[in-house]
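> Give me the fold of what follows.
(one chain, ligands or ions: 2)
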Amino acid sequence: MKANDPVYIAGHRGMVGGAIKRKLETLGYHNIITRSSGSLDLRKQEEVDSFFAAEKPAYVFLAAAKVGGILANNTYRAEFLYDNLMIAANVIHAAWKHGVTKLLFLGSSCIYPRMAPQPIKESFLLTGLLEPTNEPYAIAKIAGIKLCEAYRDQYGCNFISVMPTNLFGIGDNYHPQNAHVLPALIRRFHEAKMNNKPSVTVWGTGTPRREFLFADDLADACVYLMQHYNEREPVNIGKGEDLTIKQLAEHIREVVCYKGEIIFDAGKPDGTPRKLMDVSALRRLGWKHSTSLKEGLVIAYRDFLQQDQLKLHA
Ligand SMILES: NC(=O)C1=CN([C@@H]2O[C@H](COP(=O)(O)OP(=O)(O)OC[C@H]3O[C@@H](n4cnc5c(N)ncnc54)[C@H](OP(=O)(O)O)[C@@H]3O)[C@@H](O)[C@H]2O)C=CC1
Ligand SMILES: C[C@H]1O[C@H](OP(=O)(O)OP(=O)(O)OC[C@H]2O[C@@H](n3cnc4c(=O)[nH]c(N)nc43)[C@H](O)[C@@H]2O)[C@@H](O)[C@@H](O)C1=O
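Ligands and ions are numbered 1, 2, ... in the order given. Just a heads-up that it's a prediction; the model follows:
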């Protein structure tokens, strides 16, 4: 990938796409192609085809998707399946048809079986039942991986897939119901602090374990793999270390400087008990994260405060 090659980032206004764009710009890439979902709906095959015919991207980062936390996944099951299937199918097919040199598809750690042995190796894909709360999203993401593999097998396309662990960072979604746990709790603890509430409720039992990677680290890994990885097998992207949701909530309470209690609502779903990534393949390829959870949380809280201020002045 050379500095003047046309690089399309699908989903550049999102947390991950935005981080990939920042990374590429820092590295001197100056021919970056972007479209918002308003100007190019990736669920529409003809629109996608015309876009690829006109813009002829050489490299594609596929970071556009319908994304959300456990409740959003479980509530909007139709959209999480339909939108993500259509986006993956349309973009990957157009990339083949219009001769894209290389494409990187973003999957997710939730594609692995709910009760997969830990840490989860890439080879565990399709060896067991999925977590029911995010089965539609996972099925669409698995279809994306299989599309990359099929176009590689049949047509020799250099399409690669990466499986990121749970992410957080700049430009995250802080919606109280639809967000992932980390941004949702930043908001809940902040609002409790501002309103002098005696306690904050955290969904589930607090016992599930999750791994959290800072989105700028993920972007760094994606660009690294775009430059150095050309194989068929998906690659896990994570840190290889996790913690319980209770421990995460305690870290966020500290960063936000909230002094009240934490209460657990076991009526809400826990989801997968654990999904710790085996990152040995990524390490062998020469990549390791650089941002600690604590450092990332401080940046994420600052990002939340900035988004909050922007809304107040909008
Ligand atoms: N966040 C996480 O914890 C994880 C994310 N991932 C994966 O990383 C990728 C990026 O996620 P993230 O950045 O968090 O998600 P965001 O919700 O922040 O961003 C998603 C982007 O996708 C675009 N998009 C959605 N629907 C369409 C559509 N129909 N047509 C065109 N563009 C569309 C949106 O564009 P616009 O803003 O213009 O509407 C948006 O910018 C996804 O593939 C996701 O599955 C994987 C593991 C964990
Ligand atoms: C990235 C990944 O994200 C999703 O899977 P998930 O890992 O279960 O993600 P989550 O962040 O929503 O929850 C993690 C844990 O945290 C608990 N939890 C506590 N309190 C809140 C809370 O306030 N909000 C949320 N969302 N969860 C909370 C929650 O009950 C659960 O035990 C998938 O949709 C999947 O598709 C996917 O790709």
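
> Is the residue in the stretch 151-300 of the chain positioned nearest to ligand 1 in a helix, a strand, or coil?
Of all residues in the stretch 151-300 of the chain, residue 167 sits closest to ligand 1, at 3.6 Å by C-beta to the nearest ligand atom. For glycine as for every other residue, the C-beta is placed from the backbone atoms N, C-alpha and C. Here residue 167 takes the strand state, with states given by DSSP: H, G, I helix; E, B strand; the rest coil.

> hey, what's it bridged with?
Assessed by DSSP bridges, residue 167 has beta-bridge partners residue 213.

> Could you report the neighbour count for it?
Other residues near residue 167 number 27, with proximity taken as other C-beta atoms under 10 Å.

> Ligand 2 contacts on the stretch 1-150 of the chain?
Along the stretch 1-150 of the chain, the residues adjacent to ligand 2 under the rule C-beta under 6 Å from any ligand atom are 69, 70, 71, 73, 108, 110, 134, 137.

> Ligand 1 next: which of those are close?
Residues of these in contact with ligand 1 (C-beta under 6 Å from any ligand atom): residue 108.

> ok so, going back, just checking, the residue of the stretch 151-300 of the chain closest to ligand 1 touches residue 216?
No. The pair residue 167 / residue 216 is not scored as a contact, 9.9 Å apart, by C-beta atoms under 8 Å.

> which stretches of the stretch 101-250 of the chain have low pLDDT?
Along the stretch 101-250 of the chain, the model assigns pLDDT under 70 to no residue.

> Quick check: closest non-adjacent residue to residue 207.
Closest residue in space to residue 207, ignoring its immediate chain neighbours: residue 244 at 5.9 Å, by C-beta to C-beta, 6 or more residues apart in numbering.

> now residue 281
Nearest residue to residue 281, sequence neighbours excluded (C-beta to C-beta, 6+ apart): residue 235, at 5.6 Å.

> Then residue 35?
In space, residue 35 comes closest to residue 51 once its chain neighbours are excluded; the distance is 6.8 Å by C-beta to C-beta, 6+ apart.

> can you give me the helices for the protein?
Using DSSP state H, the helices assigned to the chain run over residues 15-26, 45-55, 70-75, 77-97, 135-155, 181-194, 215-228, 245-256, 280-285, 293-312.

> Kindly tell me how buried the closest residue to residue 113 other than its chain neighbours is, as a neighbour count.
Leaving aside its chain neighbours, residue 113 sits nearest to residue 128 (3.0 Å; criterion: C-beta to C-beta, 6+ apart). Applying other C-beta under 10 Å, we find 12 other residues in the vicinity of residue 128.

> same thing with the one 10 residues further on?
Number of residues near residue 138 (other C-beta under 10 Å) recorded here: 25.

> now residue 78
By the criterion of other C-beta under 10 Å, residue 78 has 9 neighbours.

> quick revisit: I'd like the helices of the chain as JSON lines, with distance to residue 266 appended.
Rendered in JSON lines, the data for the helices of the chain read as follows (distance: least, C-beta to C-beta, whole Å):
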{"stretch": "helix 15-26", "distance to residue 266": "29"}
{"stretch": "helix 45-55", "distance to residue 266": "43"}
{"stretch": "helix 70-75", "distance to residue 266": "14"}
{"stretch": "helix 77-97", "distance to residue 266": "23"}
{"stretch": "helix 135-155", "distance to residue 266": "22"}
{"stretch": "helix 181-194", "distance to residue 266": "15"}
{"stretch": "helix 215-228", "distance to residue 266": "30"}
{"stretch": "helix 245-256", "distance to residue 266": "12"}
{"stretch": "helix 280-285", "distance to residue 266": "35"}
{"stretch": "helix 293-312", "distance to residue 266": "25"}
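
> on that earlier part again, what's the residue nearest to residue 113 sitting at in phi/psi?
According to degrees, to the nearest 10, the main-chain angles of residue 128 amount to phi -170, psi 180.
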